[in-house]
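K.L.:
The sequence and its predicted three-dimensional model are supplied below.
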Amino acid sequence: MVTKIPTTIITGFLGAGKTTIIQHILENASGKRIALIINEFGEKGVDGELLKGCGDENCTKDDDIVELANGCICCTVADEFIPTMEKLLARENPPEHIIIETSGLALPQPLVKAFNWPEIKTKVSIDGIISVVDALALSEGRFAANEGAVNQQREQDEMLDHETPLGELFIDQIICADLIVINKIDMIDKEQLKKIKLKLEQEKREGTAIISAKNGVVDIKALLGLGLNSSEDYKGRESHHELYHEGEHEHDDFVSFSLYLPPSESKESLLKNIENIIKQHDILRLKGFGAIRGSEARLTIQAVGARISSYFDKNWQEEEKQETSLVIIGQKGLNENKIKEELLGLGA
């Protein structure tokens, strides 16, 4: 029998206390090897440094902390999450437990489904899904301590649905959870806490537990070792979009395609050509590698909307074909042939 590595998914809006809870888990891991996958891109730099400096030898190893900073994890399952999991599982000393901190705006549902992918299904299981909520914000009729910051976070990722109300996203996270942690209860009174629990009872799935916490302090035994194998128990976790749009996830409205170009004369000319194409077409994301004539190094390219970043990551290997390879992502209706023609013309 192969023992699957348990994975805990922790979700919740920006500022609810996800990172504080994770830090508490690491500080009380008692020698257990824990790996982290962090997707809270709104605070990614803060989160990564905080966790690396938590003071425990189990959370100071760079290869135990993976930051997925290229957008909402529910949009990057295939090209980022699955390879990350495969890399962790292939290690000589694989982790004994994996914790995933999702973006506060990520739907947990697509991530849960990803655990049924053949590449990882036989090796990992979802130990439990935890949703962290902000007691003070809920007592004041809000979903996050700073809803302005949450909305700003949403606007920073072109791949997110910007129209869905925060309340709907909040309920989707609650519905998907196996355990709800009401954090920051020291900032409200008992009557307010009672009302919050009553509201959550009305929204959650039957059987989902609710516990309270101050400053993210929860007994680690209540968070890890739930053994629920949640990916095998999806019924009742469906998001609003799945329930009311024939089971399709919102990002199914996006298309992607790849293209290949000969080497460009310069880094500047290639990036300028890409910038022009993005402006002319409804391209949301572009990523890949660039080949520059006369350069032994490969250029990594990432673009979100009109924002383009690039850097030379490594030298081309002898067995690699020196060409520019790009993945284009946009909404359905994107004129794939036209973009290919224009970029091939520019790259020739």
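P.N.:
Received, thanks.
K.L.:
going forward, measure contacts between C-alpha atoms and count neighbours the same way
P.N.:
OK.
K.L.:
So which bits of the strand or helix carrying E86 are buried?
P.N.:
Under the criterion of DSSP states H and E, E86 resides in helix 82-89. Across helix 82-89, burial judged by 16 or more other C-alpha atoms under 10 Å covers I82, T84, M85, L88, L89.
K.L.:
average model confidence for it?
P.N.:
For helix 82-89, mean pLDDT rounds to 78.
K.L.:
Next SSE downstream of it?
P.N.:
By DSSP H and E, the next helix or strand past helix 82-89 is strand 97-101.
K.L.:
Relative to that following strand, what are the paired strands and their orientations?
P.N.:
Pairing partners of strand 97-101, with direction, according to DSSP bridges: strand 5-11 (parallel), strand 34-38 (parallel).
K.L.:
any low-confidence regions in the stretch 201-348 of the chain?
P.N.:
231, 233-236, 238-255, 284, 304-307, 331-332, 345-348 (pLDDT under 70).
K.L.:
And the strands in it?
P.N.:
For the stretch 201-348 of the chain, the strands defined by DSSP state E, counting those that start in this stretch cover 209-212, 254-261, 283-290, 297-304, 307-315, 324-331.
K.L.:
How about the stretch 51-200 of the chain?
P.N.:
Going by DSSP E, counting those that start in this stretch, the stretch 51-200 of the chain shows strands at 65-67, 97-101, 124-134, 179-183.
K.L.:
Mind jotting down where the helices sit in this structure?
P.N.:
Ranges of helices in the chain, per DSSP state H, are 18-27, 44-52, 82-89, 108-114, 118-121, 135-139, 147-155, 166-176, 190-203, 220-223, 240-244, 267-280, 336-347.
K.L.:
export the ones you listed to a markdown table and tack on distance to K184?
P.N.:
Listed next are those as a markdown table, based on distance: least, C-alpha to C-alpha, whole Å:
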| stretch | distance to K184 |
| --- | --- |
| helix 18-27 | 11 |
| helix 44-52 | 19 |
| helix 82-89 | 32 |
| helix 108-114 | 23 |
| helix 118-121 | 35 |
| helix 135-139 | 6 |
| helix 147-155 | 17 |
| helix 166-176 | 17 |
| helix 190-203 | 10 |
| helix 220-223 | 17 |
| helix 240-244 | 28 |
| helix 267-280 | 44 |
| helix 336-347 | 49 |
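K.L.:
mind checking which of those is nearest S230?
P.N.:
Comparison of those against S230 by C-alpha to C-alpha identifies helix 108-114 as nearest, at 7.4 Å.
K.L.:
sorry, back to before: between the strands of the stretch 51-200 of the chain, which gets nearest to E341?
P.N.:
Nearest to E341, of the strands of the stretch 51-200 of the chain and by C-alpha to C-alpha, is strand 65-67 at 35.0 Å.
K.L.:
Rounded mean pLDDT for the closest one, please.
P.N.:
Averaging pLDDT along strand 65-67 yields 55.
K.L.:
Also stretch 15-26?
P.N.:
Rounded mean pLDDT across stretch 15-26 is 84.
K.L.:
Same question for that stretch: list its buried residues.
P.N.:
G15, A16, G17, K18, T19, T20, I21, I22, Q23, H24, I25, L26.
K.L.:
And those residues, which is closest to D189?
P.N.:
Nearest to D189, judged by C-alpha to C-alpha, of the buried residues of stretch 15-26 is A16 at 17.8 Å.
K.L.:
Settle this for me: that closest one is touching S131, isn't it.
P.N.:
No. Taking contacts as C-alpha atoms under 8 Å, A16 lies outside contact range of S131: 9.4 Å.
K.L.:
Please enumerate residues in contact with stretch 130-147?
P.N.:
By C-alpha atoms under 8 Å, 6 or more residues apart in numbering, the residues outside stretch 130-147 that reach it are 8-18, 150, 166-167, 170, 173-174, 177-185, 187-188, 192-193, 196, 223.
K.L.:
and if you look at stretch 202-218?
P.N.:
17-18, 20-21, 24, 171, 174-186, 197, 236-237.
K.L.:
which among the residues you listed end up buried?
P.N.:
Buried subset of the contacts of stretch 202-218 (neighbour count, 16+ other C-alpha under 10 Å): 17-18, 20-21, 24, 171, 174-185, 197, 237.
K.L.:
how about the helices of the chain, which one is nearest D313?
P.N.:
Per C-alpha to C-alpha, nearest to D313 of the helices of the chain: helix 267-280, 13.5 Å.
K.L.:
Next, the angle strand 324-331 makes with the closest one.
P.N.:
20 degrees (axes from the mean of the first three to the mean of the last three C-alpha atoms, to 10 degrees).
K.L.:
Flag every buried residue along helix 267-280.
P.N.:
Buried residues in helix 267-280 (16+ other C-alpha under 10 Å): K267, L270, L271, I274, E275, I277, I278.
K.L.:
in the stretch 51-200 of the chain, which segments are predicted with low confidence?
P.N.:
Where the stretch 51-200 of the chain drops to pLDDT under 70, the residues are 51-80, 103-107, 144-165.
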